[in-house]
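# Sequence and predicted model, in that order:
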Amino acid sequence: MVSRLRARLEVTPRQYRLIANITLVALSLIVLTGVAVRLTQSGLGCANWPKCGSTLLPPLSYHAVIEFGNRVVGALVGVVTAAAVVFAFTRRPYRRDLARLSLTLPVGVIVQAVLGGLTVKGKLAPGWVIAHFAVSMVILIGAFALAWRAAHEPGSRPRSTDRLGVWAVRALLPLGALTISVGTIATAAGPHSGGSAGQHILRLHFRGADTLTWVVHRHAVVATLFGIAVIATWLLYRHRGASEKEMEPLTVLGILLAAQGLVGAVQYELKLPADMVWVHVGLATATWITVLWTVASAGRLVPRTSTVPVAEAGAPAGDRALVAR
């Protein structure tokens, strides 16, 4: 019986790659629905958790339905991540790395659900809201890693010897994380508390009335440094003869950052309208995934004391060779 069920659930590498990509998309979309809850002032649409009022189903009110809808989407995403786990174990041939990575995703969704409940119980206190978003970005690391590994068989991408290029790309990861982190702090100091009229929601005010302006300016500085680092890395790769395919993730990252800068500047001048803030967060999520893509494409470095092929996608063409280090 068990063996028959297992046989029916078996998937090919190509099928599992599709499952992993769907999981990544689902975990990205839940970020956007969560932000929509905040920007529609529906963060406390359900006054408690996991129930919405006195029952599991929400009352027929605008804010309650939106907040409850986000919970339903979260549950569906949980089902998707559970499926990614099941199919990782029934994939043929079986790969232990995919199975281990898949297990982190439902755990992350559970942590998010608990954080969501604590956020509601904490009346949308900035610390809980920031942590809730930060965990989403961490989960996306696992989801992207699963999708990336599912797309490549072990050993199919020889390692790179371009230590300067690889480390330059890797340096973009903490810069990107810092940029997003400061952005979440700016949101926590801004006008979109997540609560509706009459609900008192704490905001960050460590510099009084100037808190938002102060944080936004720091966010702009960090984002500018991030953009400069991306341009410098792009020029480095170009100078070292990288192909268009190898340049692609850096090019996409640069375009997304330019769009982010434009949207950020316009939304600030317009006093942070909710729809533009939603676009800004959506672009931030896409940017974060692109940063992960850029780092993954750069590849792993060949050990200094080995001789291996290094014609890895993401390594500049001038470094394609068999070398001994």
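Sure thing, it's come through.

# ranges for the helices of the stretch 151-300 of the chain?
163-170, 172-189, 211-239, 244-269, 274-298 (DSSP state H, counting those that start in this stretch).

# got the buried residues for the first one?
Pointing back at helix 163-170 there. Residues 165, 166, 168, 169 are the ones in helix 163-170 that count as buried (16 or more other C-beta atoms under 10 Å). Placement of C-beta: from N, CA and C, glycine included.

# for it, the distance to its chain's centre please.
21 Å (C-alpha atoms, centre = their mean, to the nearest Å).

# hmm, who's touching it?
The contact list for helix 163-170, computed with C-beta atoms under 8 Å, 6 or more residues apart in numbering, reads 160, 232-233, 236-237, 240, 242, 250, 294-295, 297-301, 315-316, 319.

# Could you figure out how far it is turned away from helix 274-298?
If you take axes from the mean of the first three to the mean of the last three C-alpha atoms, to 10 degrees, helix 163-170 sits at 160 degrees to helix 274-298.

# Need the mean per-residue confidence for helix 163-170.
Mean pLDDT, computed over helix 163-170, is 94.

# all numbers from here: first residue = 42
I'll keep to 42 as the first residue from here, and by that count the last item is helix 204-211.

# so where's the stretch 192-341 of the chain uncertain?
Applying pLDDT under 70 to the stretch 192-341 of the chain flags the ranges 238-239.

# try it again with 80
Along the stretch 192-341 of the chain, segments meeting pLDDT under 80 span 234, 236-243.

# Test my guess that residue 90 contacts residue 155.
No. Contact criterion C-beta atoms under 8 Å: residue 90 and residue 155 do not qualify, at 9.3 Å.

# Compare those two and say which is more crowded by neighbours.
For residue 90 versus residue 155, neighbours defined as other C-beta atoms under 10 Å are more numerous around residue 90 (16 against 12).

# Can you report how many residues neighbour the nearest residue to the more buried one once chain neighbours are set aside?
Nearest non-adjacent residue to residue 90, counting by C-beta to C-beta, 6 or more residues apart in numbering: residue 158, 3.8 Å away. Residue 158 has 15 neighbours, counted by other C-beta under 10 Å.

# Which helix or which strand is home to residue 158?
helix 137-162 (DSSP states H and E).

# other SSEs contacting that helix?
Here helix 137-162 touches helix 54-80, helix 103-131, helix 167-191, going by 3 or more C-beta pairs under 8 Å, 6 or more residues apart in numbering; DSSP states H and E.

# if we go to 7 Å?
Using 3 or more C-beta pairs under 7 Å, 6 or more residues apart in numbering; DSSP states H and E, the elements in contact with helix 137-162 are helix 103-131, helix 167-191.

# Show me what the last one packs onto, helices and strands only.
Pointing back at helix 167-191 there. The elements that helix 167-191 packs onto, with contact taken as 3+ C-beta pairs under 7 Å, 6+ apart, are helix 54-80, helix 137-162, helix 213-230, helix 315-339.

# These: which one's closest to residue 94?
Among the helices and strands packed on helix 167-191, the nearest to residue 94 by C-beta to C-beta is helix 137-162 (12.0 Å).

# buried ones in that closest one?
139-140, 142-147, 149-150, 153-154, 156-157, 160-161.

# quick check, nearest of those residues to residue 257?
Among the buried residues of helix 137-162, residue 160 lies closest to residue 257 (C-beta to C-beta), at 23.1 Å.

# With adjacent residues omitted, what lies nearest to that closest one?
In space, and not counting its chain neighbours, residue 160 is closest to residue 169: 4.1 Å by C-beta to C-beta, 6+ apart.

# average pLDDT for stretch 107-118?
91.

# Count the residues that sit near residue 223.
Using other C-beta under 10 Å: residue 223 sits among 18 other residues.

# ok, it - contacts?
Listed by C-beta atoms under 7 Å, 6 or more residues apart in numbering, the contact partners of residue 223 are 256, 259, 260, 263.

# As TSV, those residues with distance to residue 123 and neighbour count would be great.
Output for these, formatted as TSV (distance: C-beta to C-beta, whole Å; neighbours: other C-beta atoms under 10 Å):
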residue	distance to residue 123	neighbour count
256	38	22
259	40	13
260	36	22
263	37	18
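
# Would you convert those into JSON lines that also reports distance to residue 228?
Conversion of the contacts of residue 223 to JSON lines gives the following (distance: C-beta to C-beta, whole Å):
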{"residue": "256", "distance to residue 228": "9"}
{"residue": "259", "distance to residue 228": "13"}
{"residue": "260", "distance to residue 228": "10"}
{"residue": "263", "distance to residue 228": "14"}
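
# and of those, the nearest to residue 185?
Of all the contacts of residue 223, the one sitting nearest residue 185 is residue 263; the distance, using C-beta to C-beta, is 22.3 Å.

# looking at it, that closest one is touching residue 221, isn't it?
No. Contact criterion C-beta atoms under 7 Å: residue 263 and residue 221 do not qualify, at 9.5 Å.
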